[in-house]
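Trainee: Build me a model from this:
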Amino acid sequence: MDRMKLLSGAFVVLVVLWSAGSAVELFLTTLSIGPHVTPAAVTIALLGVVVLAAVVAGARGRRWVENPDSYW
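Mentor: Reported below is the predicted structural model:
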């Protein structure tokens, strides 16, 4: 079981580092230079809002499935 925990931890670290690198690359190539900086920033912000809304809706749906009486 410790081996799986170690493997899971390593995978999480890899994903976090990859995400950080992707964010830096996105900023350097899309959001820092060029004529399309504002539309790109608005698109990325809108995407972030949509993802957060989906997470919130999913969390509400999960709570409803676990305890449907709480919403009535």
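Trainee: In the protein, spot the helix with the most residues.
Mentor: Ranked by residue count under DSSP state H, the longest helix found in the chain is helix 37-66.
Trainee: can you give me the mean pLDDT across that one?
Mentor: Across helix 37-66, the average pLDDT comes to 81.
Trainee: Which segments of the chain make up each domain?
Mentor: 1-33, 36-72 (automatic domain parsing).
Trainee: List of residues touching stretch 40-53?
Mentor: 26, 30, 31 (Cβ atoms under 8 Å, 6 or more residues apart in numbering). (Each C-beta comes from the backbone N, C-alpha and C, glycine too.)
Trainee: which ones are touching the first one?
Mentor: With contact set as Cβ under 8 Å, 6+ apart, residue 26 has these partners: residue 44.
Trainee: What strand or helix carries it?
Mentor: Per DSSP states H and E, residue 26 falls inside helix 2-29.
Trainee: from the chain's centre, how far out does that helix sit?
Mentor: Offset of helix 2-29 from its chain centre (Cα atoms, centre = their mean, to the nearest Å): 12 Å.
Trainee: tell me the angle of it relative to helix 37-66?
Mentor: On the basis of axes from the mean of the first three to the mean of the last three Cα atoms, to 10 degrees, helix 2-29 is oriented at 150 degrees to helix 37-66.
Trainee: what comes up buried for helix 2-29?
Mentor: Across helix 2-29, burial judged by 16 or more other Cβ atoms under 10 Å covers no residue at all.
Trainee: pLDDT on it, on average?
Mentor: Mean predicted lDDT for helix 2-29 stands at 87.
Trainee: Appreciated, that's everything.
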